[in-house]
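Undergrad: Quick one: sequence and predicted model below, then my questions.
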Amino acid sequence: MTISDKRTDIKEGIKDAFPIAIGYIPIAIAFGILAKTNQVSLMDTFLFSLMIFAGASQFAALNLIALKVAALEIILATAIMNFRHFLMSATLSTKIKNPKKGIIPLVAFGITDETFSVTAMKDGKISMLYALIVNTTAHISWVSGSIVGYLAGSILPETVQNSMGIALYSMFIAILVPSMKKSFKVIIISLSAGAIHSILNVSKLIPQGWTLIISIILASLLGVIVFSKDDGGANI
């Protein structure tokens, strides 16, 4: 790869990742404020976003931390939520030209739903440098927003800090509703997941952290069954 090619990949990577970065900042700020509200330290908040870099899972983990759920349950719940990243990484690895095995894990680490969409939809093969620039730009914005949110949480009124808890539910709704509008199957799976979690939560037969894990697994199995049916078969 020539110097000119590298410069082009860097410019295109930053340009393509810029809208993602802009979108991440307000959500990351909300995460930082929530972390402050839940008594998470500034350093832990920084490491949270730096090392985990998984928005929905970080919000979910904060909620579980607030509920004083055991560490193992938090780890399992967030791992299951992020399992789709394995599939994204495998898919993206086939799109990268001349991949270097030692750097592939770095590319895989930076994959999110948004960065995967940008890199996977790019015409033709992409360079590893381009993928790294897209992921790194998004990552920097997420970490920076988290720190800004935490610092802002130190000066905002307590009522405003507490109200930021709605950001988690708003984000999930924003992700889910468009899919529900397109598919009745998604509606069935979403309502089933909510019903399973509610029943397990109300029954109190198992610890609260495990209710989320079991709900995710059962809803995922239901999704496999529902979406494995041929379009010509029974529609729900």
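TA: All right, it came through fine.
Undergrad: list the buried ones in the host helix or strand of Ala60?
TA: Here Ala60 sits within helix 55-66, counting by DSSP states H and E. Buried residues in helix 55-66, counted by 16 or more other CB atoms under 10 Å: Gly55, Ala56, Ser57, Gln58, Phe59, Ala60, Ala61, Leu62, Asn63, Leu64, Ile65. All C-beta spots, glycine's among them, are computed from the backbone N, C-alpha and C.
Undergrad: OK, contacts around Ala66?
TA: For Ala66, the contact set (CB atoms under 8 Å, 6 or more residues apart in numbering) comprises Asn38.
Undergrad: how does it look with 10 Å?
TA: Leu34, Thr37, Asn38, Gln39, Val40, Gly165 (CB atoms under 10 Å, 6 or more residues apart in numbering).
Undergrad: Kindly report the same for Asn135.
TA: 13, 17, 20, 53, 106-112, 115-116, 118-119.
Undergrad: Does Phe48 touch Lys36 like I think?
TA: No. At 11.8 Å, Phe48 and Lys36 do not qualify as touching, with contact defined as CB atoms under 10 Å.
Undergrad: Identify the contacts common to those two.
TA: Tyr150.
Undergrad: ok, back up a step: downstream neighbour of the helix holding Ala60 in the secondary structure list?
TA: helix 71-81.
Undergrad: starting at the chain centroid, how far to that next one?
TA: 13 Å (CA atoms, centre = their mean, to the nearest Å).
Undergrad: what packs against that helix?
TA: helix 55-66, helix 208-227 (3 or more CB pairs under 10 Å, 6 or more residues apart in numbering; DSSP states H and E).
Undergrad: contacting residues around it?
TA: Under CB under 10 Å, 6+ apart, the answer for helix 71-81 is 52, 54, 56-58, 60-65, 67, 69-70, 85, 207-217, 220.
Undergrad: Check the separation of the first and last residues in stretch 48-59.
TA: 10 Å (CA to CA, to the nearest Å).
Undergrad: gap between Leu151 and Met180?
TA: 36 Å (CB to CB, to the nearest Å).
Undergrad: repeat for Leu47
TA: 35 Å.
Undergrad: same deal with Leu67?
TA: Leu67 sits 27 Å away from Met180, going by CB to CB.
Undergrad: same thing with Ser144?
TA: Computed with CB to CB, the distance linking Ser144 and Met180 is 32 Å.
Undergrad: follow-up on the earlier one: ok, Leu67 and Met180, which is more surrounded?
TA: When Leu67 and Met180 are compared for neighbours, Met180 comes out ahead with 16 against 13, by other CB atoms under 10 Å.
Undergrad: The more buried one contacts Ile187, correct?
TA: Yes. With contact defined as CB under 10 Å, Met180 counts as touching Ile187 (5.0 Å).
Undergrad: Quick check: Ile126 touching Glu12?
TA: Yes. Assessed by CB under 10 Å, Ile126 is found in contact with Glu12 at 9.2 Å.
Undergrad: Of these two, which one has the most company?
TA: Neighbour totals were compared for Ile126 and Glu12, and Ile126 leads with 20 against 17 (other CB under 10 Å).
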